[in-house]
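K.L.:
Below are the sequence and a predicted model for it; my questions follow.
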Amino acid sequence: MSLPRSRHHRAPCRRFLAAVLSTFAFLSSLVADADEPTESAMSKARPETATVTLVEDQALVGELIDATIQVDTKYGKLSIPTEDILQIRMRPAISEEEAAELRALVRRVGSADDSSSLTDENLNRIREYGARGYAIIEEEMRRADESRKDDLGIVLTSILLDTSALIGPNDEIVTKRFTVRGKIVETSLQIRCLGRVLDVPRQDIIAVTYQAPELAKTFKVLPNHLEQQSWLTTGVELRKGQKFELSPSGSMTYNGRSFGPQGLSNHSWNSRSVGQLQYRIGASGAWVPLTAKMEVKADQSGELHLSIHHFNNSSTGEFKVVLRTERR
């Protein structure tokens with residue numbers, strides 16, 4: 001699928017990209033963060049085996065047998081016991097050959113001898129590098145002219161919005177009580193798999209996950225969050241196959257009548273109760289009733305949206321929706 005190349009919205013695009021890049025720069029400056037564990041994370045026993053996600057869509061299941069993992073941070077070197085680790089994410093590696101190819105692709109975008117179709121093809125190939133190519137794309141974007149900056153900005157924004165991507169120069173280790181960002185000292189990790197100990201080079205590792213950290217967020221859905229045009233955009237990107245849980249609560253009042261997420265039982269539109277709470281995944285997804293706690297597997301990738309079904313926004317009150325899912 002070709003990336004959009006419209007020039008009509010360059011200024012808003014640049015402002016949005018600048019805001020995203022500014023936020024990312026701030027977050028990247030935090031080398032070590034400490035967060036209180038969630039109740040669910042504390043209540044779950046960590047599995048003995050981890051899923052090791054490797055490059056080229058490979059994976060294995062085994063036990064990390066290194067007793068500790070050493071991390072260099074700007075505050076000094078930390079030694080983290082393996083038994084406390086829930087997840088390790090490695091900063092993406094890119095070979096010299098791949099870096100050279102990516103630079104050549106970036107420099108062709110918008111060049112005088114590059115047709116529109118070839119430019120779109122180049123952009124899609126550049127986007128496939130994802131987080132591995134972020135630093136190179138960002139560097140080349142600073143040197144690009146205004147027309148090329150628009151196209152490259154779209155690519156950078158799409159990478160930043162991919163919640164599975166680890167952007168920046170640091171690795172990340174999530175433990176039961178805090179998250180550390182820095183550079184992992186080990187050049188390889190030892191994984192016991194099927195009775196054998198494998199010495200896996202760090203450049204081949206994307207992540208080691210014992211227990212994915214949980215994302216828990218609460219959203220307020222107001223009477224003006226109508227499905228027709230003003231639904232609530234949550235900012236949470238779900239990936240196809242990702243499991244998540246939605247728990248609705250709250251009430252609204254219209255003309256003296258109070259109702260919950262089920263909507264008004266004796267008023268319907270398109271076979272669905274008016275005022276009913278609903279969700280969808282992505283702008284192309286279908287609206288799905290959200291009247292009680294649901295455990296769902298995403299049928300496509302996209303942002304989680306929430307809305308009220310075909311209603312008059314002159315009502316009062318609010319619904320609340322608690323989202324729980326694995327942090328991707």
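P.N.:
That came through, no problem. The model shown is predicted, which means the values in this text are computed figures rather than measured ones. Residues are numbered from 1 along each chain as shown.
K.L.:
need the helices for the protein, in chain order.
P.N.:
For the chain, the helices defined by DSSP state H cover 10-28, 39-43, 96-108, 116-128, 134-143, 146-160.
K.L.:
and these, which one is worst for confidence?
P.N.:
Set side by side, the helices of the chain give their lowest mean pLDDT on helix 39-43, at a mean of 41.
K.L.:
Wait, residue 170 touches residue 181, no?
P.N.:
Yes: at 4.3 Å, residue 170 counts as touching residue 181 under the criterion of C-beta atoms under 8 Å. Placement of C-beta: from N, CA and C, glycine included.
K.L.:
can I assume residue 298 is in contact with residue 237?
P.N.:
No: between residue 298 and residue 237 there is no contact under C-beta under 8 Å: 10.0 Å.
K.L.:
which residues are common contacts for these two?
P.N.:
Common neighbours of residue 298 and residue 237 (criterion: C-beta atoms under 8 Å, 6 or more residues apart in numbering): none identified.
K.L.:
Okay, domains of this structure per the record?
P.N.:
10-28+93-160, 32-91+166-209, 214-326 (automatic domain parsing).
K.L.:
how about those in CSV, adding mean neighbour count?
P.N.:
Converted to CSV, the domains of the chain look like this (neighbours: other C-beta atoms under 10 Å):
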stretch, mean neighbour count
domain 10-28+93-160, 15
domain 32-91+166-209, 15
domain 214-326, 16
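K.L.:
residue contacts, residue 307?
P.N.:
221, 225, 226, 227, 230, 231, 232, 277, 278, 279, 280, 287.
K.L.:
As CSV, the residues you listed with distance to residue 70 and pLDDT would be great.
P.N.:
What follows is these, written out as CSV (distance: C-beta to C-beta, whole Å; pLDDT from 0 to 100):
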residue, distance to residue 70, pLDDT
221, 46, 93
225, 48, 90
226, 53, 88
227, 51, 86
230, 50, 88
231, 47, 92
232, 43, 93
277, 48, 94
278, 49, 95
279, 43, 96
280, 45, 95
287, 49, 93
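K.L.:
Among those residues, which ones are in strands?
P.N.:
The strands, defined by DSSP state E, take in 221, 232, 277, 278, 279, 280 from those.
K.L.:
Wait, the last one touches residue 289, no?
P.N.:
Spelled out, that is residue 280. No: when contacts are counted by C-beta under 8 Å, residue 280 is not listed as touching residue 289 (10.7 Å).
K.L.:
on that earlier part again, make CSV out of the contacts of residue 307 and add distance to residue 201.
P.N.:
Output for the contacts of residue 307, formatted as CSV (distance: C-beta to C-beta, whole Å):
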residue, distance to residue 201
221, 47
225, 49
226, 53
227, 50
230, 50
231, 46
232, 44
277, 49
278, 47
279, 42
280, 42
287, 46
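K.L.:
closest to residue 264 among these?
P.N.:
residue 277 (12.0 Å; C-beta to C-beta).
K.L.:
weakest of the domains of the chain by average pLDDT?
P.N.:
Across those, the lowest-scoring stretch is domain 10-28+93-160, with a mean of 71.
K.L.:
Could you measure from residue 246 over to residue 273?
P.N.:
18 Å (C-beta to C-beta, to the nearest Å).
K.L.:
same thing with residue 131?
P.N.:
Distance from residue 131 to residue 273, by C-beta to C-beta: 43 Å.
K.L.:
cool, and residue 155?
P.N.:
43 Å.
K.L.:
likewise residue 166?
P.N.:
Applying C-beta to C-beta to residue 166 and residue 273 gives a distance of 43 Å.
K.L.:
most remote residue from the chain's center?
P.N.:
residue 256 (41.3 Å; C-alpha atoms, centre = their mean).
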